[in-house]
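[1] Attaching a predicted model along with its sequence, questions to come.
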Amino acid sequence: MSRRVVITGMGTVNPLGKNVNEFWENIKANKNGLSFIDQFDASDFSVKIVGAVKDFDSSEYIDKKESKRMDRFTQFAVCSAKQALAQAGTDFADVDPFKRGVIIGVGVGGLLLTEQEVNKFAEKKDKVSVFYIPMMIGNMAAGTVAMQTGFKGDNFCTTTACASGTHAIGEAFRKIKDGYLDVALCGGTESCISRFALSGFNNMKALSRAEELDKASTPFDLNRQGFVLGEGSGVLCLEEYEHAKARGANIIAEIAGYGATGDAYHMTSPSPTGEAAAYAMKYAYEEAGLKPEDVSYINAHGTSTGLNDKYETTAIKIALGEDSARKTVINSTKSMIGHLLGAAGAVEAIVTALSVKNDFVHKTINYTTPDPECDLDYATDSNREITVKAALSNSLGFGGHNATICIKKAD
């Protein structure tokens, strides 16, 4: 059995918007969603800038009492999932609940909550909250979304660092394509902006230490110095094509391919050869029945780190071939919102789907100085209004996890 899979709903909470429409308008306007740290006193930190969700209020989607028993990353996921269902225009009551699944990726889970509870534990062990464990564990986002929606099919959490969200979407795509599910809520979520997390990432020299917002996240720029830690979530409602068509759904785009590989190389660095990441891209567009020249656009992982951007460029050239790679428009959404870790791939999938639907590719902002080793078209001059027949969205995670999805126009 092989079935088509389409996107019929999307939801997001991220530094540039608390719903898809707000987010997309800010993306088109090339707004910078980064901000200076105000969650805690950062005067003794060399890192000053994050991609934070400001003034978040979950009460529109979650009962206040229930919300108190959810970590922030779970709240983000529930809000995004309910937005996705609202856009899909149905609760899928006509579908067997065991054919409705939830797959939501998380990179690190409740790290901020862990920091808070460890501080309590240092004072007295009995002070640790009875809700700490069920609030902190990464799978609770998927579990809670299922509880809130009544989806009883496949329910799990992908945890592959920065590739978690893309893997979740890819696995949901396969479940529907192969007939195990008819509908899936899938994506990623993350919220770990804390002293503890920033210290960990900063000590490994992964974070940008820029002191100006427009110099913090600079993907593919010669002077890039690290990623900006962000938070947020993205959830897509995937649906079997014939079901969506029969109910007259507003189909946004089609997910047509998925590739997943492993570098088997290093804990944090991508492989210099780019080979494994290239295979993820190749598997995705080949499953979609496409050739390299059919790929109009790539939403790159584009973290603004020295190694990622260079090696991802190498991988794109291998995957598409030199000629096609140079004709493909590439961008990095992280230039505007930072790196959302486990949520990054999901939020970027939303951007990719809207780019396919609207024939629009956003600018990679904050770029000033070309890097000879990053010599492709990264849309650094302006937004592009081009026909986007098909697009790839890449995610490359610590541990060498590579995931790519291929999104194309739904006929």
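    On my side now, so go ahead.

[2] I'd guessed S233 sits against L185; true?
    No: contact status for S233 versus L185: not in contact, 11.4 Å apart, counting by Cβ atoms under 8 Å. C-beta: built from backbone N, CA, C; applies to glycine.

[3] of the two, who's got more company?
    Neighbours were counted for S233 and for L185 using other Cβ atoms under 10 Å; S233 has more, 35 against 32.

[4] State the pLDDT value of the more buried one.
    Each residue has a pLDDT score; the one for S233 is 98.

[5] Just checking: what are the partner strands of the strand or helix carrying it?
    Taking DSSP states H and E as the criterion, S233 maps to strand 232-240. The pairing partners recorded for strand 232-240 under DSSP bridges are strand 5-13 (antiparallel), strand 183-190 (antiparallel).

[6] mind listing the strands for the stretch 301-411 of the chain?
    329-331, 390-397, 401-408 (DSSP state E, counting those that start in this stretch).

[7] And the shortest one, what does it pack against?
    Spelled out, that is strand 329-331. Applying 3 or more Cβ pairs under 8 Å, 6 or more residues apart in numbering; DSSP states H and E, we find strand 329-331 packed against strand 297-299.

[8] Summarise which helices and strands the strand it packs on is packed against.
    On the basis of 3+ Cβ pairs under 8 Å, 6+ apart, strand 297-299 makes packing contacts with strand 329-331, helix 344-358, strand 390-397.

[9] List the contacts of that strand.
    281, 316, 328-333, 348-349, 351-352, 355-356, 361, 386, 388, 391-394 (Cβ atoms under 8 Å, 6 or more residues apart in numbering).

[10] now that strand, how far from the centre of its chain.
    Offset of strand 297-299 from its chain centre (Cα atoms, centre = their mean, to the nearest Å): 14 Å.

[11] which residues touch the residue of the chain positioned farthest from its centre?
    Farthest-out residue of the chain from its mean C-alpha position, per Cα atoms, centre = their mean: K124, at 37.8 Å. Going by Cβ under 8 Å, 6+ apart, K124 touches no other residue.

[12] What score does it have for pLDDT?
    Value for K124, per-residue pLDDT: 88.

[13] Renumber starting at 6 from here on
    In the new count, where the first residue is 6, that last one comes out as K129.

[14] before we move on, the earlier item: for T310, find the nearest of the strands paired with strand 237-245.
    Nearest to T310 among the strands paired with strand 237-245 is strand 188-195 (17.5 Å), distances taken as Cβ to Cβ.

[15] What is the subsequent helix or strand relative to the closest one?
    helix 200-208.

[16] Determine how far that next one lies from the middle of the whole chain.
    21 Å.

[17] for it, packing partners?
    helix 116-128.

[18] what about dumping the CA coordinates of the helix it packs on to PDB?
    Provided in PDB are the C-alpha atoms of helix 116-128 (Å, rounded to 0.1, in the frame of the first residue of the first chain):
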ATOM      1  CA  LEU A 116      15.600  21.500  31.000                       C
ATOM      2  CA  LEU A 117      14.500  24.800  32.600                       C
ATOM      3  CA  LEU A 118      12.200  22.800  34.900                       C
ATOM      4  CA  THR A 119      15.000  20.500  35.800                       C
ATOM      5  CA  GLU A 120      17.200  23.500  36.700                       C
ATOM      6  CA  GLN A 121      14.500  24.800  39.000                       C
ATOM      7  CA  GLU A 122      13.800  21.500  40.700                       C
ATOM      8  CA  VAL A 123      17.500  20.700  41.200                       C
ATOM      9  CA  ASN A 124      17.900  24.000  43.000                       C
ATOM     10  CA  LYS A 125      15.000  22.900  45.300                       C
ATOM     11  CA  PHE A 126      16.600  19.500  45.700                       C
ATOM     12  CA  ALA A 127      19.800  21.200  46.900                       C
ATOM     13  CA  GLU A 128      17.900  22.800  49.700                       C
END
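
[19] Now do the same contact list for P377.
    If a contact means Cβ under 8 Å, 6+ apart, then P377 has L227 as its contacts.

[20] now it: how far from T319?
    13 Å (Cβ to Cβ, to the nearest Å).

[21] any idea how far R229 is from the residue nearest to S51 when sequence neighbours are not counted?
    In this structure, S51 finds its nearest non-sequential neighbour in R214, 4.9 Å apart by Cβ to Cβ, 6 or more residues apart in numbering. Counting by Cβ to Cβ, the gap from R214 to R229 is 12 Å.

[22] T79 now?
    The value you get for T79 to R229, if Cβ to Cβ is used, is 32 Å.

[23] When these two are compared, which one has more neighbours?
    Taking other Cβ under 10 Å, T79 and R229 do not tie; T79 has more neighbours (32 against 27).

[24] so which helix or strand takes in the more buried one?
    When elements are assigned from DSSP H and E, T79 belongs to helix 77-93.

[25] Counting by contacts, list what that helix packs against.
    Looks like helix 77-93 contacts strand 10-18, strand 105-110, helix 145-154, strand 188-195, strand 237-245 (3+ Cβ pairs under 8 Å, 6+ apart).
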